[in-house]
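S.K.: From the sequence below, what's the structure:
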Amino acid sequence: MDTSPMVSSLLSSLANYSNLPTGSKEHEEAENNEEENLLYFIIIKYLLFTLFPFCVCQAPQLGTLMGVYLPCIQNIFGVILFLRMTWMVGIGGVLGSFIIVFMCCSTTMLTAISMSAIATNGVVPAGGSYYMISRSLGPEFGGAVGICFYLGTTFAGAMYILGCIEILLIYIVPQAAIFKIEGLEGLEAEAALLNNMRVYGTIVLSFMALVVFVGVKYVNKLALVFLACVILSILAVYAGVIKTAIDPPIFPVCLLGNRTLVSKGYDVCAKVIEIDNETVTTQLWRSFCDSDYINATCDDYFRDNNVTEIQGIPGVTSGILAENLFGNYLEKGVIVEKRGLASQVDPDSSASSTNRFVLADITSFFTLLVGIYFPSVTGIMAGSNRSGDLRDAQKSIPIGTIAAITTTSAVYMSCVVLFGACIEGVVLRDKFGEGVNGNLVIGTLAWPSPWVIVFGSFFSTCGAGLQSLTGAPRLLQAISRDGIIPFLRIFGHGKANGEPTWALLLTASICEIGIIIASLDAVAPILSMFFLMCYMFVNLACALQTLLRTPNWRPRFKFYHWALSFLGMSLCLSLMFICSWYYAIVAMGIASCIYKYIEFCGAEKEWGDGIRGISLSAARFALMRLEEGPPHTKNWRPQILVLVSMDAEQNVEQPRLISLTNQLKAGKGLTIVGTSVQGKFLDNYTEAQRADQSLRKLMETEKVKGFPQVVISSNLRDGTSHLIQVGGLGGLKHNTVMVSWPHSWKQPESHQQFRDFIEVVRETTVASLALLVPKNISSYPSNGERFTEGHIDVWWIVHDGGMLMLLPFLLRQHKVWRKCKMRIFTVAQMDDNSIQMKKDVITFLYHLRIDAQVEVVEMHDSDISAYTYEKTLVMEQRSQILKQMHLTKNEMEREIQSITDSSRGSIRRKKSFASRSQHSTEEGARMGEHPEEEVQAILTDFSLDLGWNQTDVRRMHTALRLNEVIIKKSKEAKLVLLNMPGPPKNRTGEENYMEFLEVLTEGLNRVLLVRGGGREVITIYS
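M.R.: Numbering: from 1, shown residues only. Coordinates of the predicted model:
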């Protein structure tokens, strides 16, 4: 037969049952293989395969029952069910506890639905929830949530160990306590109990860590035993419930008035007894009175109230459910009392000694119960953690996980009702069973004996602790080997067989923190936080993938919806803050710190995650919004296209251009670094890729956030033109071009270089783009330099839309230029009122919220006639702006903005220019008739022929005089910003244009020539 019989398959699965993750089994197999002779193994296997091919048995591939359902059952049922469930019902009432169980089980069910969708959307290797979240939400979220899940699993180990010690010291061998509790009360008794938990917890933790270190195969061999303990214990509880309907067990509880007495404080539940017709006092009498005699002085409460004995387990048919229906929350130190029973308390009497009564050990409230209970529904990831061992993971994980949650939820909900219907309220509220002879409360209900539950819960908690110490280091190892958190890489190493030794050491150390806390009730909310955060992100991952409709999102599990995932995520977040708002904030803070650390320092990973899908959708939406119209002046910021040239090795020739770009990025605008490669696309694609990588590396070094762009063109001039035309996307396009000054333009071999430069100036003018031309770029500071003093000088000759004002402000936001002060120089002619002009400029800067020194430089008309005539200085527009400062405040605000927002037209020259030469008059008339061409008309006809005419000589004289004044005032400035005249229309004057700019900036160390883009970039309004 090709298939084995069903019974043999089941027995084979049981024989090979393991509750360990995939990686653990691999380590176990590696250990076993080391013990065998490799050559012998190969020969035997070859012979078996050759002679008996039908008998060669492969490693068992687990199905839904053994691979998912039972491991989930074993992980979900745990210490809280055995040690705290009855107490939770007693404190919160049946209704309150049912609400808590329903909320928590609903959360895990919704999470399981989301997890099933993710797990069936392709192969899920070992790693479980960490793998699913990191591959769905990206390395940042994956690493943060993976660490949280690791911490949750580690603290779960501490909780299981504390539960194990609590069972051992309170219910099995209480005499083994190192710090004796007998005779102590209050804080002393509590401290002794916690110290015992710490000592024994550390011992057990060390032993378990040693077992895991020696080899997980020993843990694996006991997995079936631990599973059997869990199942048998639960069956014993249900059997006990059935028995209470027929013959309730005898567990008497002694009450004094309505107060529950500690069973160790009496031998008979009576004050006195009759022996041979003689009244004899009992141990209870002696504990409340000062002597054995009937006439002894006794405690007032003891004297005024009778002793009654009630049945601790009245049975399911007793009707006790009605009494246990509602909650009874207690303050710490309050005596556990029975409802509905009268009690005589003399308000004037002295307080009774409380160590004879059963007391509440902690202050209880609803949110505390939620935090303590939630760990009992965790463990739903056990199936996904073993996906590598499953025959059909995409089928088994959803069915097995959802079936396990359904089973455990039914058990928990039925237990809430059955505990309330079978057990007396004072016994339920007795956390440690002090009123029922020190028995485990749930054990009093079990059949055939309470010891079934005691030993079953002891071994199940031991097994769960071992599994946590086995699984947590492997989860940390998986995160470390992914390389997304650099400082954790050491924990990816281990023994030769891959056993995570360093990760185990760290896990044991963190687990010891939980042991030092020593209280099961204090540790449970901590791990609740981490598990809830993990589940929240599983739901978020499923919801995002569904809403984004990623083409790769095709899960085989179809019974999911984004609304269910969002509901699960909301429940997780709500439960986090319900359990403990401060623990929730700490857990979210830890996750946020890890997220930011991975974002800044972690390795780059591309896993096709959903967050990238969100980025793409958001980017598309934002680009569509930007298309709606040009940005308002308030929102204008330099979106810079940096044009660089590459050498033969495809390295950037002017790296300081990128540095200057970074220093200008206080505006946080777009940056595109572009270059062109000469040749054909098919022949030069590899070269272009090298250039692109070189640009990316330089941008990363200079910390410039932007995009490189490389085009291949038949010549460099056309390539640069293409970059200016097509750079950017949609509404996110550059509005400013930065290009370096051609430093060697005078050399014959570089003539084409300066002609290309002038073409760039022309193209930016036509495209209404601002232009920045740094001269002597090699002398500009790098990002690592700092100016401790100095000035940034602005020569405001032409109103260019505010670029000259805005650029120094942006530079001073960077640490390189932060200590530099800003100075503004404006040129006045002899007939201008310099004092009033200075006041007006200061007022204008005040309204622009720019801090700068102002100085007015007076020059003769003849000195600047050519510059002012050709450039007009747009003097009338600038003067018109400043004259508005004399208006009233309201008029001034309206007029200033209307002028600064107006075009550069409608400007007439001053009368002082009317007596110029006929050539000048004709040229001025042309500019007056066509004001919109003013930008292009600047310095238009530098040379009508190849020689120098009188106009060119006058222009050089103007450049020389302006240069002398600038040198005098700004020689020591760290940076000088100047208006850049436009290029001549006549191409024969290009060399004279370059000479004019060379003379104008001669002797200055760092010059930034600025040409506006034809629109206002700065405003006085908020």
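S.K.: List the buried residues of stretch 707-726.
M.R.: Of all the residues in stretch 707-726, those buried under the rule 16 or more other C-beta atoms under 10 Å are 707-713, 716-717, 719-724. Backbone N, C-alpha and C define where each C-beta goes, glycine included.
S.K.: Just the endpoints, please. Distance across stretch 275-283?
M.R.: Length of stretch 275-283, first residue to last, C-alpha to C-alpha, to the nearest Å: 14 Å.
S.K.: Now find how far off-centre that stretch is within its chain.
M.R.: Distance of stretch 275-283 from the chain centroid (C-alpha atoms, centre = their mean, to the nearest Å) equals 72 Å.
S.K.: which of the residues in the helix or strand in which Thr407 is found are buried?
M.R.: Using DSSP states H and E, Thr407 maps to helix 393-422. Across helix 393-422, burial judged by 16+ other C-beta under 10 Å covers 393-405, 408-409, 411-412, 415-422.
S.K.: circling back: out of the buried residues of stretch 707-726, what pair is the most spread apart?
M.R.: Phe707 and Arg717 (22.6 Å; C-beta to C-beta).
S.K.: Can you classify Val345 by secondary structure?
M.R.: What DSSP: H, G, I helix; E, B strand; the rest coil gives for Val345 is coil.
S.K.: Run through the residues that contact it.
M.R.: Contacts for Val345 (C-beta atoms under 8 Å, 6 or more residues apart in numbering) come out as Gly257, Tyr301, Asp304.
S.K.: For Asp267, which non-adjacent residue is spatially closest?
M.R.: Excluding the flanking residues, the one nearest Asp267 by C-beta to C-beta, 6 or more residues apart in numbering is Gln283, at 4.6 Å.
S.K.: Likewise for Asp851?
M.R.: In space, and not counting its chain neighbours, Asp851 is closest to Met822: 6.8 Å by C-beta to C-beta, 6+ apart.
S.K.: name the element the one you found belongs to?
M.R.: Using DSSP H and E, Met822 falls in strand 821-828.
S.K.: in the helix or strand just after that strand, what's buried?
M.R.: Next along the chain after strand 821-828, taking DSSP H and E as the criterion, comes helix 834-847. Residues of helix 834-847 classed as buried: Met837, Lys838, Lys839, Asp840, Val841, Thr843, Phe844, Leu845 (neighbour count, 16+ other C-beta under 10 Å).
S.K.: now, which of these sits nearest Tyr200?
M.R.: Using C-beta to C-beta, the buried residues of helix 834-847 come closest to Tyr200 at Leu845, 75.4 Å.
S.K.: before we move on, back to that, give me the subset of the buried residues of stretch 707-726 lying in strands.
M.R.: Among the buried residues of stretch 707-726, the ones falling in strands (DSSP state E) are Phe707, Pro708, Gln709, Val710, Val711, Ile712, Ser713.
S.K.: quick one: the third one from Met738, how far?
M.R.: Computed as C-beta to C-beta, to the nearest Å, the Gln709 to Met738 distance reads 14 Å.
S.K.: repeat for the fourth one
M.R.: With distances taken as C-beta to C-beta, Val710 is found 17 Å from Met738.
S.K.: swap in the first one?
M.R.: Distance of Phe707 to Met738, computed by C-beta to C-beta: 15 Å.
S.K.: just to revisit the earlier point, rebuild the ones in strands among the buried residues of stretch 707-726 as CSV, extending it with pLDDT and distance to Gln545.
M.R.: Shown next, in CSV, are these (pLDDT from 0 to 100; distance: C-beta to C-beta, whole Å):
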residue, pLDDT, distance to Gln545
Phe707, 89, 27
Pro708, 90, 31
Gln709, 90, 32
Val710, 91, 34
Val711, 91, 36
Ile712, 91, 38
Ser713, 90, 42
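S.K.: Format the residues you listed as TSV; extra columns: distance to Ala189.
M.R.: As requested, these are exported to TSV (distance: C-beta to C-beta, whole Å):
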residue	distance to Ala189
Phe707	68
Pro708	71
Gln709	74
Val710	77
Val711	81
Ile712	83
Ser713	87
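S.K.: count of residues packed around Glu649?
M.R.: Glu649 has 8 neighbouring residues, counting by other C-beta atoms under 10 Å.
S.K.: again with Ile797
M.R.: 24.
S.K.: So which bits of the longest helix anywhere in the chain are buried?
M.R.: The residue-count maximum for a helix in the chain (DSSP state H) belongs to helix 85-119. For helix 85-119, the neighbour count (16+ other C-beta under 10 Å) marks 85-94, 96-101, 103-119 as buried.
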